[in-house]
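J.: Make a model of this:
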Amino acid sequence: MIKITIEINTKNYERTKRRFPKELKVELGDAFDHIQRKFLKTFKQTRLQGPPGVKARPHGIFSHFTRASLVSRDIEGMGMTIFSDSKISRMHEEGATIKSAGGERIAAPLSARPEMFIGGQYPGRLKKKYRDPRAMKNVIRMVLKGKQFLVKVKNKSRELLPLFVLKNQIRIRPRLGFYKTWDDMQNERLKILDNAIKRTLEKV
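T.: Here you go, the predicted structure:
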């Protein structure tokens, strides 16, 4: 699981808590909601729109992230959390090595074939007809420069078109940037909380 929570530590907090507990709770609730929405928007725009992050797609990684408010009778128990139980999300956040199962090699699509991907950009999602190499017609194994490839043989011209390289394992580098996005917003989220406390003090 990858998860974010938030804590409050400001010089005006204790005084505001003593004098206006109900008003402060409302303002903090709004601030937490603002921080959640702003973070997720920034996360999606900066990390899920292609390099250097993970390219977004409908129902992709972003849909696995959940935000929730921590409801409590007292102010100390208030807070927020943003998390994902997705193994794929964690893999792209921390990096991972995917190994072949049962001794079979993994077919890794070649980035030099942009026509295989939706949108024509790597690392985009594969088009449907390329997602199961074993079901593709006129595809053979071939060794080129010491590496094994799956090669498409064109019927008429008999031209050979390498599509996949076969590997024992694939290394996924850390590139999601979930925590990095959160850390980069530190000053901004503290400002949002500080403004919530100031608005409560102004109600004197």
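J.: Residue 23 falls within a helix, correct?
T.: Yes - assigned with DSSP: H, G, I helix; E, B strand; the rest coil, residue 23 falls within a helix.
J.: How much space separates it from residue 14?
T.: Distance of residue 23 to residue 14, given as CB to CB, to the nearest Å: 15 Å. C-beta here means a position set from N, CA and C on the backbone, and glycine is covered the same way.
J.: Which of those two has more residues huddled nearby?
T.: A count of neighbours by other CB atoms under 10 Å puts residue 23 above the other of residue 23 and residue 14, at 15 against 9.
J.: separation between the residue most central in space within the chain and residue 73?
T.: Nearest to the mean C-alpha position of the chain, counting by CA atoms, centre = their mean, stands residue 176 at 4.8 Å. Note on residue 176: its distance to residue 73, by CB to CB, is 36 Å.
J.: do the same with residue 166
T.: According to CB to CB, residue 166 and residue 73 sit 59 Å apart.
J.: quick one: which of the two has more around it?
T.: Counted by other CB under 10 Å, residue 166 and residue 73 do not tie: residue 166 has more neighbours, with 18 against 8.
J.: Buried residues of the one helix or strand residue 97 maps to, list them for me.
T.: Using DSSP states H and E, residue 97 falls within strand 96-99. Within strand 96-99, the residues scored as buried using 16 or more other CB atoms under 10 Å are residue 96.
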